[in-house]
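> Everything below, folded, please.
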Amino acid sequence: MSHTTLVLIRHGQSQWNLENKFTGWVDVPLTPKGEEEAKDAGKKLANYTFDLAYTSKLQRAQNTLKMVLENSNNIGVPTTEDLALNERMYGDLQGLDKTETEQKFGVEQVKIWRRSYDIAPPNGESLKDTAARVIPYYESEILPKLKAGKNIIVAAHGNSLRALIMDIEKMSPEEILAFEIPTATPRIYVFDENMNILEKRFL
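As a prediction, the model looks like this:
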């Protein structure tokens, strides 16, 4: 019986997570705390060996991945960066303080933008839009390699990972919107040769 492992990890705390701002596609760095979170996540993954790694075009995910690989003794893993794994594009909300945005647009409206499946903020993406780029990328680029027996790690963002988890775990939009993905906490999947999930958990 051959088993393959997929690990999903959200980046560590970023500067704008700390400042409570909508980040989206703005390329902000990790905070020192975020770097420590990434290193700790790597140490937790010390017993895992990865054949391939994937991340977004944003440095907070790229640097999280780099630190995770270094601290789990997975040096030199071939890494692919792709826009498809970027965070949800928050459009006109990017760079705005979340509390100030609630005061400007109202708490309910901001909640709808953040937590509805198919309603996008002005000039931005809904989670449905994000899924429309993440899932085809996963199915064309990552899934065939898992099926070929490769162990893979993906470092990305809260919403791009939500889209992926929704697909992998066959969740409804309501279920995935309620699903919390903590920063720098590996989500482990073990599949059998038919890609049935044998195990799923946060490490």
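> Burial check on the nearest residue to Gly42 once chain neighbours are set aside, number of neighbours?
Computed as C-beta to C-beta, 6 or more residues apart in numbering, the closest residue to Gly42 that is not its neighbour in sequence is Asn71, at 2.6 Å. Placement of C-beta: from N, CA and C, glycine included. Neighbour count of Asn71, defined by other C-beta atoms under 10 Å: 17.
> Wait, Asn71 touches Glu36, no?
No - with contact defined as C-beta atoms under 8 Å, Asn71 does not reach Glu36; the gap is 10.5 Å.
> hmm, back to that, would you quantify the distance from the residue nearest to Gly42 to Ile181?
To Ile181, Asn71 is 20 Å away according to C-beta to C-beta, to the nearest Å.
> for Val110, same thing?
Val110 is 20 Å from Ile181, by C-beta to C-beta.
> Please apply the same query to Leu143.
20 Å.
> do Ala38 as well
Ala38 is 15 Å from Ile181, by C-beta to C-beta.
> okay, the two: which has more neighbours?
Remark: of Ala38 and Ile181, Ala38 carries more neighbours, 28 against 18, as counted by other C-beta under 10 Å.
> does the more buried one count as helix, strand or coil?
helix (DSSP: H, G, I helix; E, B strand; the rest coil).
> shouldn't it be in contact with Ser72?
No - the pair formed by Ala38 and Ser72 falls short of the contact definition of C-beta under 8 Å, at 10.6 Å.
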